[in-house]
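A.B. asks: next come a sequence and a model predicted from it.
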Amino acid sequence: MSKLHKVVLNGKVFFARSGQLLLEAALVNGVDLAHDCRAGRCGTCITRVVEGITVGGGTRQAGMVHACQAHVLSDLTLACEPLPPVTAMEGRVAMLVDVAEDVAEVTIQPARKPGHLPGQYYRFTFQGYPARAFSPTESLDGTWLNKAFKLNIKRVRNGRVSSQLGTGIQAGHRVRMLGPFGHAFLRPAQKNRLVLMAGGTGFAPIWAIAQAALREDPFRPVWMVAGVRKLPQLYMGPALELANRFPNVTAIGAVDSSSPLPEFVAAGAPELHLPQLSREDTVYACGGPAMVDAVAAAASAAGAAFYADPFEAAPPDDAMLLNRLGSWLRGAVAGGG
Ligand code: FES
């Protein structure tokens, strides 16, 4: 029989088998440890190992592990930040607006006030379509929307959900929300510089964080970069302009282009516009994995606190998987004569 280890999580005690996954051990013992993907991607389960040894599930932050991937090897003392409870709620699409050639801004009116932290995400299920993860943001002109969900959704060619915005999904469409999830949220009451790096619609959580931080302290130093491939995709122009009106904010659009660019816009990938980082900074990155990895490396080299929300491709839908499995089985049966 494998050895049992004593685990203390935020003062709650449970026992885990040697080698057992930390998240699994917590859940079977009735200890509520926030999680979502169980695959080391979403970051919701990130936990600080105060004392003891785990193996696997490392993160880009020293002493922090993904509980869904970390195996228990000794007695442990752990600390988790308190997170809002995960709940389900219903709502309806209130408005759909194209803010760029490939980005729709979708406003959803929920039946009750959302309770997430700026930067967190929910799973949204538009009735009749598969669930997708999106981070609520705020309006680009700075209007505070604490009662509705505002989403920036990139239209993906043949996307099962995004291609239906404005056709199969219109104002009045029913939506179910599950959440919030995620670890890349704004920590309140801090005074240090925020470095906020976004690629494409990764701007959604970044703008939510920037807005909340500046509401809390209009003098907080913020360096914000929003990257897109082409100038017509730079839907966040009004937000960059608004942010630059704060005394200690630098907000830059980054475009892969060498043609003449307007004010606040520079050429090249977002990571080329990182400031010199120090251990006093708190850095957030949301967007494609290449950008997030580059920013993570710079933050790690500087010893800065780092939180990431990397894009992940939507998983194949069950129906598509079943279709594929059906075709494969039919082919196998036909092939087997
Ligand atoms: S639940 Fe562990 S990273 Fe998503």
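C.D. replies: The structure has been received and is ready for your questions. Since this is a predicted model, take the numbers as computed values, not measurements.
A.B. asks: so which bits of the protein are right by the ligand?
C.D. replies: 35, 36, 37, 38, 40, 41, 42, 43, 44, 45, 66, 68 (C-beta under 6 Å from any ligand atom). From N, CA and C alone the C-beta is placed, and that goes for glycine too.
A.B. asks: for PyMOL, write the select line for the buried members of those.
C.D. replies: Typed into PyMOL, the line below selects the buried ones among those, using 16 or more other C-beta atoms under 10 Å:
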select buried, resi 35+36+37+38+40+42+43+44+45+66+68
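A.B. asks: just put the residues of the chain next to the ligand in a markdown table and tack on pLDDT.
C.D. replies: Compiled in a markdown table, these are given as follows (pLDDT from 0 to 100):
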| residue | pLDDT |
| --- | --- |
| 35 | 94 |
| 36 | 94 |
| 37 | 93 |
| 38 | 95 |
| 40 | 93 |
| 41 | 90 |
| 42 | 91 |
| 43 | 92 |
| 44 | 94 |
| 45 | 96 |
| 66 | 97 |
| 68 | 97 |
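A.B. asks: now, the residues of the chain next to the ligand that are in strands?
C.D. replies: Using DSSP state E, residue 66 are the members of the residues of the chain next to the ligand that sit in strands.
A.B. asks: closest to residue 2 out of the residues of the chain next to the ligand?
C.D. replies: Using C-beta to C-beta, residue 68 is the member of the residues of the chain next to the ligand that sits closest to residue 2, with 19.7 Å.
A.B. asks: check contacts around that closest one.
C.D. replies: Listed by C-beta atoms under 8 Å, 6 or more residues apart in numbering, the contact partners of residue 68 are 21, 22, 23, 35, 37, 38, 39, 40, 45, 57.
A.B. asks: again, 6 Å this time
C.D. replies: Going by C-beta atoms under 6 Å, 6 or more residues apart in numbering, residue 68 touches 23, 35, 38, 45.
A.B. asks: now, which of these lie within helices?
C.D. replies: Using DSSP state H, the members of those that fall within helices are residue 23.
A.B. asks: the contacts of residue 68: which two are farthest apart?
C.D. replies: Greatest spacing in the contacts of residue 68, by C-beta to C-beta: 38 and 45 (7.9 Å).
A.B. asks: the strand or helix carrying residue 95 pairs with which strands?
C.D. replies: If you go by DSSP states H and E, residue 95 is part of strand 87-100. Each strand that pairs with strand 87-100, with its direction, by DSSP bridges: strand 103-110 (antiparallel), strand 174-181 (antiparallel).
A.B. asks: same list (these) but as CSV, adding mean pLDDT and mean neighbour count.
C.D. replies: Listed next are the strands paired with strand 87-100 as CSV, based on pLDDT from 0 to 100; neighbours: other C-beta atoms under 10 Å:
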stretch, mean pLDDT, mean neighbour count
strand 103-110, 96, 20
strand 174-181, 97, 20
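A.B. asks: list the contacts for residue 136?
C.D. replies: residue 149 are the contacts of residue 136 under C-beta under 6 Å, 6+ apart.
A.B. asks: pLDDT score assigned to it?
C.D. replies: Note for residue 136: predicted pLDDT of 96.
A.B. asks: wait, isn't residue 156 in contact with residue 165?
C.D. replies: No. At 10.5 Å, residue 156 does not count as touching residue 165 under the criterion of C-beta atoms under 6 Å.
A.B. asks: and these two? Which one has more around it.
C.D. replies: Shown here are residue 156 and residue 165; by other C-beta atoms under 10 Å, residue 165 has more neighbours (21 against 13).
A.B. asks: excluding its backbone neighbours, what's nearest that one?
C.D. replies: Nearest non-adjacent residue to residue 165, counting by C-beta to C-beta, 6 or more residues apart in numbering: residue 104, 4.7 Å away.
A.B. asks: which stretches of the stretch 51-200 of the chain have low pLDDT?
C.D. replies: Across the stretch 51-200 of the chain, the ranges flagged by pLDDT under 70 are 144-146.
A.B. asks: and the residue of it nearest the ligand?
C.D. replies: The nearest approach of the stretch 51-200 of the chain to the ligand comes at residue 68, 3.3 Å away (C-beta to the nearest ligand atom).
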